[in-house]
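Have a look at this fold, sequence not included:
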């Protein structure tokens, strides 16, 4: 039961922080939405900051599991896996009317300068995502899908930047044209050498 | 005198919105910082929203002037101009301890889903920036600096995404390693064909 209450708070909080940002989201609305009394919140979280950090951890766990499902799928070639991973994320964004985007990217711009604990946690999330992308690209290299001289770590870093910026532009234009351009330059040019 | 007061409000507002975001910035602190009484604010701005939109317009005017100084500099080749333009923006970011970043990118993630007027205004800013980049890349193509078959508009769109995402990663890691990767992939690979 305890776990359920905590999960409800985290899920309700995720949704609201995703819609409005961390600072604009009040504890009251999260607790009301989750149907949980205020006392329970402080049983699970030391403070709103602690809640925010646990929110990042929980979202990161889910996202990294999702990344694994795509990036380690043995039924596809490594580049197909990577392409499907991004396609899935962008399709979910499109289905949501281009609202939301990447919860880690959003929190990065909101909190990166304002809270060192958030910043460190988000940096770790990006590092983990890039390591998973790099492992997939390394397989692609071994199978001859990408040029042998491609620097896998640099490519992962650049692709993550391009992806985050693509989501940012999609959020502003509410169109998917930037997705096509991302696919073209990353998968048809950059990774083909 | 009237113009001076308005300029002071916009400059003080720019600084604070850049540091904290639009929603977290209160009118009181802007007016106190600018040394302007509250009544004056409503003489120049209809509302906080109107102030935010005028803030974007003012920052856009300055940024587009700055872009012109770089991207139309006849003493350099087109690709040198484009490279110097990004280098200058990233150097300013580095000097600021990787705090801040792109004011338009920051507002995009904060406001893109929350205020349609902000979204439209920010979309316009990005369109203008991309048109200026595209004009510079078109010159580069005419001078044989980039491949003849490069789609200039698509390249401008992708480079803007990559740049925004690079700033996002720099804001989180507080290091410039992503800048080197951006330069490598954009100027040594993508634009060299």
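Arrived safely. If you're wondering where the values come from, they're calculated on a predicted model, not measured in any experiment.

So what's the gap between the longest helix belonging to chain A and the chain middle?
Among all segments of chain A classified by DSSP state H, the helix with the greatest residue count is helix A:116-142. From the chain centre to the centre of helix A:116-142 is a distance of 11 Å (C-alpha atoms, centre = their mean, to the nearest Å).

ditto for stretch A:55-68
Its chain's C-alpha centre and that of stretch A:55-68 lie 8 Å apart, by C-alpha atoms, centre = their mean.

For residue A:169, give me its contacts.
A:178, B:108, B:126, B:157, B:160-161, B:164 (C-beta atoms under 8 Å, 6 or more residues apart in numbering or on different chains). Where you see a C-beta, it was placed from the backbone N, CA and C, and this is true even at glycine.

Helices of chain A, start to end?
For chain A, the helices defined by DSSP H occupy A:2-20, A:27-34, A:38-44, A:48-71, A:78-95, A:103-111, A:116-142, A:152-173, A:177-183.

tell me, how many neighbours does the nearest residue to residue A:6 once chain neighbours are set aside end up with?
Spatial nearest neighbour of residue A:6, chain neighbours left out: residue A:44 (4.6 Å); criterion: C-beta to C-beta, 6 or more residues apart in numbering or on different chains. If you count neighbours by other C-beta atoms under 10 Å in any protein chain shown, residue A:44 ends up with 17.

what does residue A:177 give?
The number of residues packed near residue A:177 is 12, by other C-beta under 10 Å.

Quick check: closest non-adjacent residue to it.
That would be residue B:157: by C-beta to C-beta, 6+ apart, it lies 7.5 Å from residue A:177.

What residues does that neighbour make contact with?
By C-beta under 8 Å, 6+ apart, the residues touching residue B:157 are A:169, A:177-178, A:181, B:130.

Identify, from those, the entry nearest to residue B:51.
residue A:169 (25.1 Å; C-beta to C-beta).

Give the phi and psi angles for residue A:151, as a check.
Backbone torsions of residue A:151, given as degrees, to the nearest 10, read phi -80, psi 110.

okay, now the domains of chain A?
Following automatic domain parsing, chain A resolves into domains at A:1-45, A:48-192.

As a quick check, tell me the outermost residue of chain A.
Using C-alpha atoms, centre = their mean, the residue of chain A lying farthest from its centre is residue A:39. It sits 30.7 Å away.

returning to what we had before: just put the helices of chain A in TSV and tack on mean pLDDT.
Shown next, in TSV, are those (pLDDT from 0 to 100):
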stretch	mean pLDDT
helix A:2-20	90
helix A:27-34	94
helix A:38-44	91
helix A:48-71	97
helix A:78-95	98
helix A:103-111	97
helix A:116-142	98
helix A:152-173	98
helix A:177-183	98
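
In contact with residue A:16: list those residues for me.
Taking C-beta under 8 Å, 6+ apart, we find residue A:16 in contact with A:25, A:29-30, A:33.

Kindly apply the preceding question to residue A:168 instead.
A:101, A:105, B:105, B:108-109, B:112, B:161, B:164-165, B:168.

Closest one to residue A:150 out of these, please.
Among the contacts of residue A:168, residue B:165 lies closest to residue A:150 (C-beta to C-beta), at 19.0 Å.

Return the distance of that closest one relative to residue B:153.
Noted for residue B:165: a distance of 19 Å to residue B:153, by C-beta to C-beta, to the nearest Å.

between these two, which one's more packed in?
Higher neighbour count among residue B:165 and residue B:153: residue B:165, with 28 against 14, using other C-beta under 10 Å.

so residue A:117 sits right up against residue A:51, yeah?
No: applying C-beta atoms under 8 Å as the test, residue A:117 and residue A:51 come out as separate, 11.9 Å apart.

Compare those two and say which is more crowded by neighbours.
Neighbours per residue (other C-beta under 10 Å) separate residue A:117 from residue A:51, with residue A:51 holding more: 21 against 13.

Surely that one touches residue A:43?
No: the criterion here is C-beta under 8 Å, and residue A:51 misses it with residue A:43 at 11.8 Å.

Residue A:87: what's it in contact with?
For residue A:87, the contact set (C-beta under 8 Å, 6+ apart) comprises residue A:183.

wait, residue A:185
By C-beta under 8 Å, 6+ apart, the residues touching residue A:185 are A:162, B:154-155, B:158, B:190.

between these, which has the most around it?
Using other C-beta under 10 Å as the neighbour criterion, residue A:162 leads the contacts of residue A:185 with 28 neighbours.

hang on, isn't that one packed against residue B:160?
No: using C-beta under 8 Å, residue A:162 makes no contact with residue B:160, being 10.1 Å away.

how many other residues sit next to residue A:149?
Residues lying near residue A:149 (other C-beta under 10 Å) number 7.

And it, how far from chain B?
As judged by C-beta to the nearest C-beta, to the nearest Å, residue A:149 and chain B stand 11 Å apart.

Leaving out the residues flanking it, which one is nearest to that residue?
residue A:193 (7.8 Å).

so that neighbour touches residue A:151, yeah?
No: using C-beta under 8 Å, residue A:193 makes no contact with residue A:151, being 11.7 Å away.

Looking at the two, which has the bigger crowd around it?
For residue A:193 versus residue A:151, the count of surrounding residues by other C-beta under 10 Å is larger for residue A:151: 14 against 10.

From residue A:140, how far off is the more buried one?
According to C-beta to C-beta, residue A:151 stands 13 Å off from residue A:140.

Nearest spatial neighbour of residue A:78, chain-adjacent residues omitted?
Once flanking residues are discounted, residue A:78 sits nearest to residue A:140: 3.7 Å by C-beta to C-beta, 6+ apart.

Tell me, how many residues neighbour the one you found?
Residue A:140 has 22 nearby residues by other C-beta under 10 Å.

show me what contacts residue A:99?
A:19, A:171, B:113.

For the residue nearest to residue A:78, give its distance to residue A:79.
With distances taken as C-beta to C-beta, residue A:140 is found 5 Å from residue A:79.

Find the residues that touch each one of those two.
Taking C-beta under 8 Å, 6+ apart as the criterion, residue A:140 and residue A:79 both touch A:146, A:191.
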